[in-house]
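Student: give me a 3D structure for the following:
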Amino acid sequence: MSAPDPGGGVPGDSYGIVAIAASAGGVTALGRLPADFPVPVVVVQHLDPRHRTVIAEVLGRRAKLPVLLAREGELAEPGKIYIAPPDHHLLIGEGGTLTLSGSELVHFVRPSADLLFESVAGSYGPRAIACVLTGTGSDGAMGASAVKSRGGTVIAEDPELAEFRGMPEAVIAAGAAEYILPLDEIASVICGLVEARTL
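Tutor: Numbering: from 1, shown residues only. Next up, the predicted model:
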């Protein structure tokens, strides 16, 4: 695949954040991001809340980037992956400040991809990439639409190939997805988008 057109946003306005939502299995795509990836990555993964902190350890063994459980008030740094702790919503403010919330479930889930994506859209606008991977339900569709409406870029896993098609299918049905890709191509496209905006 040729290098993606950076599209949307202001020419030369580099990406500042990548936000990813998935259920178990989808985040294996994170293992394909290179060790020198130049922006922070924030992740919402739908897990049983009883599975407390092992997710960061498991992903950390697969990823080339440091994988951390997000902490309240922490500043998201380039080249690191921040995972929403089980049973907490994760939001990110302008400048990369992480916020955790135990507020009510959204679409029956906590953490919520919609809340993360909406915070990313508000804080980063055209400098945001939102990516929706395998998962059941429709979490992420409204938030992805918010990212698109602010000039950001939205990627969805191809639901025909996804383990669970609900989440990516909902994003596509909402008309928010700019790229619809197999899981094993998503990391390289994200890298191409980020590199195209930093040249």
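
Student: tell me, how many residues neighbour Val109?
Tutor: Counted with other Cβ atoms under 10 Å, residues neighbouring Val109 total 22. Every residue, glycine included, has its C-beta placed from N, CA and C.

Student: now it, which residues is it bridged with?
Tutor: In this entry, Val109 is beta-bridged to Val106, by DSSP bridges.

Student: that one contacts His46, doesn't it?
Tutor: Yes. In this structure Val109 lies within contact range of His46 using Cβ atoms under 8 Å: 5.6 Å.

Student: overlap in contacts, those two.
Tutor: When contacts are counted by Cβ atoms under 8 Å, 6 or more residues apart in numbering, Val109 and His46 are jointly contacted by Asp139.

Student: how about the contacts made by the nearest residue to Ile186 once chain neighbours are set aside?
Tutor: The shortest distance from Ile186 to any non-neighbouring residue, by Cβ to Cβ, 6 or more residues apart in numbering, is to Ala29 (4.9 Å). Residues near Ala29 by Cβ under 8 Å, 6+ apart: 20, 22, 131, 133, 183-184, 186-187.

Student: apply 7 Å and report the result again.
Tutor: 133, 183, 186-187 (Cβ atoms under 7 Å, 6 or more residues apart in numbering).

Student: now, these that are in helices?
Tutor: By the criterion of DSSP state H, membership of the contacts of Ala29 in helices covers 183, 186-187.

Student: the bottom helix or strand of the chain by mean pLDDT?
Tutor: When the helices and strands of the chain are scored by mean pLDDT, DSSP states H and E, helix 54-62 comes last with a mean of 65.

Student: and His88, how many residues sit next to it?
Tutor: With other Cβ under 10 Å as criterion, His88 counts 18.

Student: could you measure from the closest residue to it other than its chain neighbours over to Asp114?
Tutor: Using Cβ to Cβ, 6+ apart and skipping the chain neighbours, the partner closest in space to His88 is Leu100 (4.6 Å). For Leu100, the distance to Asp114 equals 16 Å [Cβ to Cβ, to the nearest Å].

Student: now swap in Ile186 and tell me
Tutor: Taken as Cβ to Cβ, the span from Ile186 to Asp114 is 20 Å.

Student: what about the strands in the protein?
Tutor: Listed in chain order, the strands found in the chain under DSSP state E are 17-23, 41-46, 67-69, 81-83, 89-92, 98-101, 128-132, 153-157, 179-181.

Student: hmm, who's touching the fifth one?
Tutor: Judged by Cβ under 7 Å, 6+ apart, the contacts made with strand 89-92 from elsewhere in the structure are 17, 42, 44, 70, 76, 84, 98-101, 103, 110-112, 115-116, 119-120, 123.
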